[in-house]
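Engineer: Sequence and predicted model, in that order:
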Amino acid sequence: MRAQAATALNELLTDAKTAGYNLQIISSYRSFSTQSITYNGYVARDGQAKADTYSARPGHSEHQTGLAVDLGSGTCNLEICFGDSPAGKWLAANAWNYGFVIRYQKDKTAITGYQYEPWHIRFVGKELASEIKTKDITLEEFFGLPTAPNY
């Protein structure tokens with residue numbers, strides 16, 4: 001991850017542990033090659049149309065920016081039910097304090113192009129994260145971007 005995002009993530013993980021939540025990194029930076037393997041595996045399993053709702057095409061993944069990370073706690077890792085777990089609820093309530101947003105929010109699929117992913121956080125800095133959290137909006141809404149395919 002990029003240095004500023006990694007520092008913020010370490011603080012988030014430390015504070016989560018202090019609060020009683022054992023958040024763990026499931027996936028962070030991915031190279032183009034790794035994203036190609038990941039995406040193509042999903043396409044082979046589910047078809048391209050479905051894969052495009054939950055996985056970015058190579059060259060378009062937030063993981064390739066060094067600003068995104070998938071977190072888990074051993075309960076519902078990389079599953080929507082993570083959002084209802086105690087650790088997932090803590091993450092949703094507190095990520096913004098460290099400069100992260102839940103990137104693919106519940107009921108925002110039509111805007112982001114991706115299904116709800118309560119485990120996927122993106123570093124945007126504390127000021128922007130606070131505004132996004134307060135307004136309950138997506139990055140697309142903040143920047144006034146049109147809804148578009150995610151590739």
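Structural biologist: Good, I have the coordinates. Residues are numbered from 1 along each chain as shown.

Engineer: residue ranges with poor pLDDT in the protein?
Structural biologist: Scanning the chain with the threshold set as pLDDT under 70 gives 148-151.

Engineer: Let's see that with 50 instead.
Structural biologist: 151 (pLDDT under 50).

Engineer: So the residue of it positioned farthest from its centre versus residue 70, what's the distance?
Structural biologist: Note on the chain: the largest C-alpha distance from the chain mean falls to residue 44, namely 23.1 Å (C-alpha atoms, centre = their mean). The gap separating residue 44 from residue 70 is 21 Å, by C-beta to C-beta, to the nearest Å. Every C-beta, even on glycine, is put in place using the N, C-alpha and C of the backbone.

Engineer: what sits up against the one helix or strand residue 70 maps to?
Structural biologist: When secondary structure is defined by DSSP states H and E, residue 70 falls within strand 68-72. Outside strand 68-72, the residues within contact range by C-beta atoms under 8 Å, 6 or more residues apart in numbering are 1, 5, 9, 23-28, 61-63, 78, 82, 87, 91, 103, 117, 119-123.

Engineer: which stretches of the protein form strands?
Structural biologist: For the chain, strands defined by DSSP state E occupy the ranges 24-27, 68-72, 100-104, 117-123.

Engineer: want to throw those into a markdown table with mean neighbour count?
Structural biologist: As requested, the strands of the chain are exported to a markdown table (neighbours: other C-beta atoms under 10 Å):
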| stretch | mean neighbour count |
| --- | --- |
| strand 24-27 | 14 |
| strand 68-72 | 22 |
| strand 100-104 | 25 |
| strand 117-123 | 25 |
